[in-house]
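Student: Sequence first, predicted coordinates after that:
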Amino acid sequence: MLRAPMDLPGAHDRALRAFRARFGAEPRWSAAAPGRVNIIGEHTDYNGGFVLPMAIDRYTVAVAGPGAGRRIRLVSANLGLEDEIAADAPISRGEQGWANYVRGVLLGFQRLGVDVPGLDLLIDSDLPIGSGLSSSAALEVAVATLLEAVIDRTLDPAQKALLCQRAENEIAGMPCGIMDQFVSVMGREGHLLLLDCRSQETAHVPMADPSVSVLIANTGVQRELVVGEFARRRACCEEAACALGVDTLRDATLEWLEAARDRLPELAVRRARHVVTEDARTLEATRMIRQGRWPAAGQLMYASHASLRDDFEVSCRELDVLVEISRALGEAGGVYGCRMTGGGFGGCTVSLVKTAEVEAVASALQSAYRRETGLDAAVFISRPAAGATILGLEPS
Ligand code: GLA
């Protein structure tokens, strides 16, 4: 009941059927990219810090066949929307928000000197949108991976992730960091991805203990103005780094922050304190997870949540309610730790849960959440999944 509703072959099949129904032809290329959940290390990526996400087993699938001339007919099967893009000129931002992620990636390939050909391109996804599970990065990375297949050229994985991030920054207008695109490209089955966002070095951290599961609970709340709040947080961190005389908050310490109290607004001190302490928690949690010390890792997740709620102020009541219910269940009730995941202001929590108790935890979480908020939380578990992949097509 708590497994992903569809596996990758199932998601691929659905996209192929949608393509045939819409275009009346067989697609020639096909690729998929996963969403992600971040175990810990929130709002640290654009501060040059550490993050510890994993790819989840829910995907965006992109399938394509040759198009007429240099025209791209773009269809989103899951949104029921269409767009049309001329590929014989520099691609720019369009009217439709969802299509801008695709436009940004196509522009990234043009900037590499690629003559993007005409395509019939269909997107399908089983990732909930605006829920903090990186449906946007999955869309960008799925399209970039599909284009690799179309032009028969493989990009360096980091280059591909950065191309996708730039698409989101410049064309979709979201000043995100590099976490989501990196893990959607580089995720590995059974592993978390520890990413140093300054050096862009990565390490795959095994997460294969069958007695522990990653449980994701969706508040069902999506906030407006997320982009504006995100941009404000990012600007505030950059100002704090500048006042401290460092390139990014990655290089700051709590002592320096304390010493600079007179020179910094109180708000900037709290924002920076979150980033500095979150970096330390992320490295410590990585150590704990490597050693299988789940209760200690769980406590760091609760501390991360408190810092995001109080210092960084990106949580919301519904997220706090889910975290408090989890804390009340506690280790005896099957939960090691829980926190909000992703940008915040709604979306999902992530918890480390005893596998033997996942069903009981899920139903306790759902009923207490309904009682306190009147809302339904969708709950599911995910194993750490592999990153983006080109999918083979049966010869037609
Ligand atoms: C969003 C952004 C990421 C990261 C998180 C917060 O998901 O896309 O780059 O900044 O928020 O950790």
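Tutor: Thanks, I have the structure now.

Student: Please count neighbours and contacts with C-alpha atoms only from this point.
Tutor: OK.

Student: which residues sit in contact with the closest residue to Ala208 other than its chain neighbours?
Tutor: With sequence-adjacent residues excluded and distances taken as Cα to Cα, 6 or more residues apart in numbering, Ala208 is closest to Gly190, at 5.2 Å. By Cα atoms under 8 Å, 6 or more residues apart in numbering, Gly190 lies in contact with Pro206, Met207, Ala208, Arg383, Pro384, Ala385.

Student: go with 10 Å
Tutor: Met54, Ala55, His204, Val205, Pro206, Met207, Ala208, Asp209, Arg383, Pro384, Ala385, Ala386 (Cα atoms under 10 Å, 6 or more residues apart in numbering).

Student: What is the burial count for the residue of the stretch 101-250 of the chain found nearest the ligand?
Tutor: Nearest residue of the stretch 101-250 of the chain to the ligand (Cα to the nearest ligand atom) works out as Gly177 at 3.4 Å. Using other Cα atoms under 10 Å, Gly177 has 21 neighbouring residues.

Student: Measure how buried Val114 is and give me the count.
Tutor: 13.

Student: Does it belong to a helix, a strand or coil?
Tutor: coil (DSSP: H, G, I helix; E, B strand; the rest coil).

Student: Report pLDDT for it.
Tutor: Here, the pLDDT recorded for Val114 equals 97.

Student: hang on, it packs against Leu107?
Tutor: Yes. Val114 lies in contact with Leu107 (Cα atoms under 10 Å); the separation is 9.4 Å.

Student: re earlier: which helix or which strand is home to the residue of the stretch 101-250 of the chain closest to the ligand?
Tutor: Of the helices and strands defined by DSSP states H and E, none includes Gly177.

Student: Give me the residues contacting stretch 282-298.
Tutor: The contact list for stretch 282-298 (Cα under 10 Å, 6+ apart) reads 39-42, 44, 49-52, 192-194, 205-209, 212, 278-279, 281, 299-301, 304, 327, 330-331, 335-339, 351-354.

Student: which residues are in contact with stretch 265-272?
Tutor: In contact with stretch 265-272 (Cα under 10 Å, 6+ apart) are residues 43-44, 47, 233-241, 243, 249-250, 252-254, 257-258, 260-264, 273-274, 276, 278, 307-308, 310-313.

Student: Which of those fall within strands?
Tutor: Judged by DSSP state E, the contacts of stretch 265-272 include no members of strands.

Student: now, which of these lie within helices?
Tutor: Counted as lying in helices by DSSP state H, out of these, are 233-241, 243, 254, 257-258, 273-274, 276, 278, 307-308, 310.

Student: could you flag which of the residues you listed are buried?
Tutor: Neighbour-count burial (16 or more other Cα atoms under 10 Å) is assigned, among the ones in helices among the contacts of stretch 265-272, to 233-234, 236-241, 257, 273-274, 276, 278, 307-308.

Student: now, which of the residues you listed sits nearest Ala144?
Tutor: Arg234 (26.3 Å; Cα to Cα).

Student: what sits against that closest one?
Tutor: Contacts of Arg234 (Cα under 10 Å, 6+ apart): His43, Thr44, Tyr46, Asn47, Pro175, Cys176, Gly177, Gly228, Ala240, Arg271.

Student: So among those, where is pLDDT lowest?
Tutor: Within the set of those, pLDDT is lowest for Gly228 (92).
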